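In: please find the sequence and the predicted model below.
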Amino acid sequence: MNTKSYFSFSRLALVMKRDLMENWKMNLYIFLGFFLAFLGVYLFQMYDYSDYDGIPTAYQVERYISHHTETFSIITSCLLFYFASESMRNMRTKEQRLSYLMLPATKLEKFVSRALFVTIGIFVMILLASLLAEAVHWAFMPFFENLPDKFKICVWPEVWEEIWETISPFKTRKVILTPLDYNNLPETLPWVDKSMFFEIILAYWIALWWHSLYILGGNYFGKYAFFKTSGTLILIGIVVAYLLSNIDPKEYFGWFEEFVRMNEHWLTEDVVAGVAGFIFFCFTAFNWWLSYKLFSRQQVIKPKFRLL
């Protein structure tokens, strides 16, 4: 089988180019929305700290940067999840579906094109918008005369340094590996540095799994996919919480507790995190596979109801 008949990078590039040129105005509005959101955050932070009395301490400057980091992380996460559910934005109407489905490209190439836009494309737009907002907000400095000089800093590099320290898989944490006699504690506790590699990788896969749920919701629901997907997940969460609150954990999960107790000599935190990470990787891959299957079954005239 000729692989080019199924997937071609040149055709993928043409599909992405066509998508960008046809939707340039919408993409520009999206970018401006990102820019105004970040600029508003920077201006609000300056306003909030402009009435600060005295000379800020190093800790207060650190908190000023942390506020930017927390806000940036929240905005970025919300935008990535929202636009993950907008993967079918260009196929909402009958005319749009007809135009897109008639493109001389395979369904996989069209799906990859949309997937790249709502993941890497949106993330790049977020980075550029935040960087532009960082540069433009300096023009508003004269309006904040009472803002201490220590807060008049370029926060973008500091924010990314703080983010990397949080998400780096090579970070370590202090732990005590040897059992302690709490009635006779030593003067110096035997702290050691333990790698958090598997825990951080697990966190990555959990986040990617949640993101893939919105990709799946976008391909299933179409219109208002973000709200429909969020509502569905909330409803499922309520049902699961209700069921768990009405069962005896020992009756259903006692075997697992016994298994952990009998195998604690090798069932370490790293092993548990590694296995859990692989499970969430499989869940994520399944959601992407199902999303592609839903995308490949798109029709010009959509049925009023479909299960898959």
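Out: Cool, the structure landed.

In: count of neighbours near Tyr59?
Out: 8 (other Cβ atoms under 10 Å). Any C-beta I mention is one placed from the backbone N, CA and C, and that applies to glycine too.

In: any stretches of the stretch 201-308 of the chain with poor pLDDT?
Out: Applying pLDDT under 70 to the stretch 201-308 of the chain flags the ranges 301-308.

In: show me what counts as buried in the helix or strand where Gly277 lies.
Out: Taking DSSP states H and E as the criterion, Gly277 maps to helix 269-296. Within helix 269-296, the residues that count as buried by 16 or more other Cβ atoms under 10 Å are 273-274, 276-277, 280-281, 283-284, 287-288, 290-292, 294-295.

In: repeat that for stretch 115-130.
Out: Ala115, Phe117, Val118, Thr119, Gly121, Ile122, Met125, Ile126, Ala129, Ser130.

In: list the contacts of the first one.
Out: What that stands for is Ala115. Ser87, Ile215, Trp288 (Cβ atoms under 8 Å, 6 or more residues apart in numbering).

In: if I look at the second one, how far off is Thr284?
Out: From Ile215 across to Thr284, the span is 9 Å (Cβ to Cβ, to the nearest Å).

In: residues touching Met91, list them.
Out: Met91 neighbours (Cβ under 8 Å, 6+ apart): Arg97, Tyr100, Leu101, Gly222, Gln298.

In: mind checking which of those land in helices?
Out: Mapping the contacts of Met91 onto helices (DSSP state H) picks out Arg97, Tyr100, Leu101.

In: name the member of those residues with the most neighbours.
Out: Tyr100 (21 neighbours).

In: residues contacting that one?
Out: Tyr100 touches Asn90, Met91, Lys110, counting by Cβ under 8 Å, 6+ apart.

In: so which of those residues are in helices?
Out: Going by DSSP H, the helices hold Lys110 from the contacts of Tyr100.

In: dump the contacts of Tyr100 into a markdown table; add pLDDT as well.
Out: Converted to a markdown table, those look like this (pLDDT from 0 to 100):
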| residue | pLDDT |
| --- | --- |
| Asn90 | 77 |
| Met91 | 76 |
| Lys110 | 91 |
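
In: which parts of the helix or strand Glu62 falls within are buried?
Out: Using DSSP H and E, Glu62 maps to helix 58-84. For helix 58-84, a neighbour-count test (16+ other Cβ under 10 Å) marks 61, 64-65, 67-69, 71-72, 75-76, 79-84 as buried.

In: what do you get for stretch 158-167?
Out: Using 16+ other Cβ under 10 Å, the residues of stretch 158-167 that count as buried are Glu158, Val159, Glu162.

In: output it as CSV, nothing but the C-alphas.
Out: The C-alpha coordinates for stretch 158-167 follow below in CSV (Å, rounded to 0.1, in the frame of the first residue of the first chain):
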residue,chain,number,x,y,z
GLU,A,158,10.2,35.1,35.7
VAL,A,159,6.8,33.5,35.0
TRP,A,160,8.2,30.9,32.7
GLU,A,161,11.1,30.1,35.1
GLU,A,162,8.5,29.5,37.8
ILE,A,163,6.3,27.4,35.5
TRP,A,164,9.3,25.2,34.5
GLU,A,165,10.2,24.7,38.2
THR,A,166,6.7,23.4,38.7
ILE,A,167,6.3,21.1,35.7
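
In: who's in contact with that stretch?
Out: Ile65, Ser66, His68, Thr69, Phe72, Ser73, Lys171, Ile200, Ala203, Tyr204.

In: residue contacts, Asp149?
Out: By Cβ under 8 Å, 6+ apart, Asp149 has no neighbours at all.

In: quick check: pLDDT value at it.
Out: Looking at Asp149, its pLDDT stands at 71.

In: nearest residue to Tyr292 other than its sequence neighbours?
Out: Excluding the flanking residues, the one nearest Tyr292 by Cβ to Cβ, 6 or more residues apart in numbering is Phe111, at 5.2 Å.
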